[in-house]
Structure formats: structure tokens, C-alpha cells
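# Build me a model from this:
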Amino acid sequence: MADFPKAGLLNRAVAAAIDVIVVAALGSLPNMGFLAGMLYVLVRDGFSGGQSLGKRLAGNKTIVRADGRSAVFRESMIRNIPFAVARVLWAIPLIGWLAAGVVMIFEGLLVIGSPRGARLGDELAGTQVVEEA
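Numbering: from 1, shown residues only. You can find the predicted model right below:
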């Protein structure tokens, strides 16, 4: 992947918090809430040029491959598999909450430790979250 300026940790944390609020709001819908939240988790980065609602508000953009093209739904679904797993685990009281927390902490540590700020999902999809120009 080419050298793109990676998004700052604060921007990514703010974007993630906004996206968690969206998932929680969708999850509270009657009947289909869990599925609506899961769908948002998977496809959120395929909207509007590689930006979830959280990324758009925080000023981040997800780009794909060395050519800098924005993420589409395929890359979004691949890069968000770890979060989808955490979402499913969260539905299991106690042990699931712990396991989901481990997934989220693991992904966060990868962001901090990677020179590109890439988490496991980014490595799988070949994406990187960068600052919006």
C-alpha cells in the first residue's frame, strides 16, 4: 500500500464511538434491531466514498489498495468481519461480553501498533483509514 497519512487515534476513537451509537440505536428497533445493527456494522464503510457516518463526522476516510480508491461494500464487509464477530458475541451474556471486549481491545492494539494504523480487518481487506484531505 502506498504511503497515505494514517488517521489519528482520537479521530478514529470518535468515529468508532459515533458508529457504536448508531449500532445501538439500530439494535433497539423492535423485531429486526439485531439484524439492522449487524448490517450497519458490515456495510458502513461502503457508503459515501468509504466513510461510515462516524468517519464522515470525525473527518476520516477509508481508502483501498495502493491506488487510493475508496472502499466499496465488498471491502467494508471484509474489513468489518472482526466487529461483526464481536457484535454476535455481545449477544451472549457475560462470557460473550468478555469475548467481544477482547476482540475490540485486540483490534485497538493493532491500530496503535501498526505503522499504517491497520487493524486485522484492514489487513484482510487491504484498506487503511486516513485523514480526510
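# And Ser40, how far from Arg74?
Quick fix: residue 40 reads Tyr, not Ser. Counting by Cβ to Cβ, to the nearest Å, the gap from Tyr40 to Arg74 is 16 Å. Bear in mind the C-beta positions are built from the backbone N, C-alpha and C, glycine included.
# Tell me which of the two has more neighbours.
Tyr40 (20 against 12; other Cβ atoms under 10 Å).
# Direction included, what does the helix or strand bottoming out on mean pLDDT in the chain pair against?
Within the chain, no helix or strand scores below strand 60-64, which has a mean of 76 by mean pLDDT, DSSP states H and E. Strand 60-64 sits in its sheet next to strand 69-70 (antiparallel), strand 127-131 (antiparallel), going by DSSP bridges.
# Quick one: distance of it to the chain centre.
The chain centroid and the centroid of strand 60-64 are separated by 11 Å, computed with Cα atoms, centre = their mean, to the nearest Å.
# Over to stretch 18-37?
Distance of stretch 18-37 from its chain centroid, counting by Cα atoms, centre = their mean, is 15 Å.
# Touching that stretch from outside, list them.
For stretch 18-37, contacts defined as Cβ atoms under 8 Å, 6 or more residues apart in numbering pick out 40-41, 44, 52-55, 57-58, 87, 91.
# What average pLDDT does that stretch get?
Across stretch 18-37, pLDDT averages out at 94.
# Could you check how far Ser28 is from Leu110?
30 Å.
# And the two? Which one has more around it.
Between Ser28 and Leu110, counted using other Cβ under 10 Å, the more crowded position is Leu110 (17 against 10).
# one step back: which of the contacts of stretch 18-37 are buried, as a PyMOL select command?
Selection of buried members from the contacts of stretch 18-37 for PyMOL, criterion 16 or more other Cβ atoms under 10 Å:
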select buried, resi 40+41+44+52+53+54+55+58+87
